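S.K.: next input, structure requested:
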Amino acid sequence: QHYSNNNLRIVDTQNPSTVGDLKNTLLKLKQKHVHLKLKHEQMFEKLQDQLQYYHEVEEAMEEGRGDDEVNNDDEEAMQEDWDGSDEDDIVLWNDVDFRNYKGEDKADMDELENKKVGKQEDKGVKPVASQNGVGSAVFSTKQQRYNAAQYASRTALLNQFGPGPHQVEVQLDFDPAEKEAPTSDPAPDRFVIEMADVDEMPHTVYWFLQQVDHKLWNGCSFHRNAGHVLQAGPEANFKTPSKGAHLLDKFIQSGLESVLFQEYSPEFPHEKYTLGLAGRPGGADFYINKRDNTKAHGPGGQTSYDDPTEADPCFAKVISGFDTIDRMSKLSVEDDDYKGLNHNVAIRYMKITQRLDDPKKAKQPKKKKEKVTSK
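M.R.: Have a look, this model is predicted:
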């Protein structure tokens with residue numbers, strides 16, 4: 001959109017070879033937009049069918065065994081449908097467009113959000129009101145879309161990665177061209193993060209674990225060393241074989257470039273050594289907080305965006321390798337406001353180091369099996 005006909009003529013006068021490249025790029029973008037729109041519509045229909053199925057199963061369980069008992073046969077059938085043996089059995093949030101979600105009244109989707117609102121009220125935190133002043137109906141519809149995204153993400157997260165805690169190891173390679181002060185031998189080059197609780201940040205945690213599981217971060221970089229954060233993203237580094245444009249492409253092609261909404265929990269604020277998502281919508285870049293940024297990155301902390309009441313998702317924390325974080329914090333930066341690193345730090349790999357081997361077992365406590373067997 002930045003290149004109107006006038007702009008194209010100006011560029012043509014200065015550099016005739018540029019116009020063809022611009023037109024080809026624009027055509028590819030239009031084709032990709034049509035493809036993604038169709039894909040989102042198809043996956044949204046599938047999600048609605050899945051949600052309706054779960055709603056019917058829960059109703060059947062309540063009718064058959066009451067509010068406090070669970071029909072084990074129905075529970076096993078529901079789990080088998082999500083056993084992960086076929087990709088089509090798992091609703092991946094990144095393939096779904098929730099913006100047209102109608103917000104039907106389903107207690108199973110609102111339960112998690114109700115718990116969060118209760119916690120906020122206990123702490124004296126008032127729910128954020130609608131910006132446009134139309135009333136609670138507008139806010140409710142928006143909130144229910146968020147609930148739907150959290151519900152689908154949490155279900156898929158438990159099925160694929162288990163209940164957690166989920167830990168991810170990050171292995172780095174520092175550019176030899178960087179003139180660093182002497183450090184310990186060997187120099188620290190790895191750290192481990194632990195994801196937020198599945199009940200607090202299910203959408204963002206599932207999104208990030210999917211990125212790691214698809215190896216999207218392998219080859220990317222820490223590229224910014226600002227006063228308050230260390231930022232990583234799909235940027236080139238000294239080990240990148242080309243200019244690095246393909247690094248962002250793989251995020252886009254996988255549908256994992258950004259989250260669907262700005263998920264945030266006051267139970268997991270932006271304290272020092274926690275991880276948050278940059279931008280609106282958040283991703284693909286993430287950052288490590290070098291200090292307590294709860295006020296600046298929490299709700300209402302960044303008023304330059306369209307919705308100033310939103311916050312950056314905070315979804316993980318560093319649990320080991322603090323010396324590696326401190327080492328990156330001392331690297332030299334460019335002389336500008338952004339504070340980009342002079343020599344980007346390569347992310348050799350990220351890998352999930354702690355996950356449940358059989359997530360299905362976590363959904364069937366032993367005491368429940370014994371109760372059914374005794375009958």
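S.K.: now Lys142: which helix or strand?
M.R.: Using DSSP states H and E, Lys142 sits in helix 136-161.
S.K.: which neighbouring elements make contact with that helix?
M.R.: With contacts defined as 3 or more Cβ pairs under 8 Å, 6 or more residues apart in numbering; DSSP states H and E, the packing partners of helix 136-161 are helix 16-65, helix 107-122, helix 202-213, helix 359-362. Yep, even glycine has a C-beta here, placed from its N, CA and C like the rest.
S.K.: contacting residues for the residue nearest to Trp207 when sequence neighbours are not counted?
M.R.: Spatial nearest neighbour of Trp207, chain neighbours left out: Val259 (5.4 Å); criterion: Cβ to Cβ, 6 or more residues apart in numbering. For Val259, the contact set (Cβ atoms under 8 Å, 6 or more residues apart in numbering) comprises 203-204, 207, 277, 281-283, 313.
S.K.: contacting residues for Asn289?
M.R.: 228-229, 270-276, 297.
S.K.: ranking helices and strands of the protein by mean pLDDT, which lands last?
M.R.: helix 72-81 (a mean of 41; mean pLDDT, DSSP states H and E).
S.K.: tell me the helices and strands packed up against the lengthiest strand in the chain.
M.R.: In the chain, taking DSSP state E as the definition, the longest strand is strand 340-354. In terms of contacts (3+ Cβ pairs under 8 Å, 6+ apart), strand 340-354 is packed against strand 167-173, helix 202-213, strand 221-225.
S.K.: what residues of the first one count as buried?
M.R.: Just to be clear, that refers to strand 167-173. Judged by neighbour count using 16 or more other Cβ atoms under 10 Å, the buried positions of strand 167-173 are 167-172.
S.K.: direction included, what does it pair up with?
M.R.: Sheet pairing of strand 167-173 (DSSP bridges) gives strand 190-195 (antiparallel), strand 340-354 (antiparallel).
S.K.: sorry, back to before: quickly compare the helices and strands packed on strand 340-354 and say which is most buried.
M.R.: Mean neighbour count (mean count of other Cβ atoms under 10 Å) peaks for helix 202-213 among the helices and strands packed on strand 340-354, with a mean of 25.
S.K.: contact partners of that helix?
M.R.: Helix 202-213 is contacted by residues 92-94, 112, 149-150, 153-154, 156-157, 160-161, 166, 168, 195-196, 198, 217, 251, 254, 256, 259-261, 263, 277, 282-284, 286, 313, 315-316, 350-352 when judged by Cβ under 8 Å, 6+ apart.
S.K.: only the buried residues of stretch 248-268, if you could.
M.R.: Buried residues in stretch 248-268, counting neighbours by 16+ other Cβ under 10 Å, are found at 248, 250-251, 255-266, 268.
S.K.: I misspoke; the intended subject was stretch 321-329.
M.R.: Buried positions in stretch 321-329, judged by neighbour count with 16+ other Cβ under 10 Å: 321, 324-325, 327-328.
S.K.: just stretch 289-304 next, same as before
M.R.: 289-290, 293-294, 296-299, 301.
S.K.: return the closest of those residues with respect to Lys239.
M.R.: Nearest to Lys239 among the buried residues of stretch 289-304: Lys290, at 24.7 Å, using Cβ to Cβ.
S.K.: how far away is that closest one from Ile347?
M.R.: Distance of Lys290 to Ile347, computed by Cβ to Cβ, to the nearest Å: 18 Å.
S.K.: kindly report the same for Asn147.
M.R.: From Asn147 to Ile347 the distance is 33 Å (Cβ to Cβ).
S.K.: where does the prediction get shaky in the stretch 251-375 of the chain?
M.R.: For the stretch 251-375 of the chain, the stretches flagged by pLDDT under 70 are 355-375.
S.K.: quick one, strands of it?
M.R.: 274-277, 286-289, 314-320, 340-354 (DSSP state E, counting those that start in this stretch).
S.K.: tabulate the buried residues of stretch 321-329 in a markdown table, adding columns for distance to Tyr305.
M.R.: Formatted as a markdown table, the buried residues of stretch 321-329 follow (distance: Cβ to Cβ, whole Å):
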| residue | distance to Tyr305 |
| --- | --- |
| Gly321 | 32 |
| Thr324 | 31 |
| Ile325 | 27 |
| Arg327 | 32 |
| Met328 | 27 |
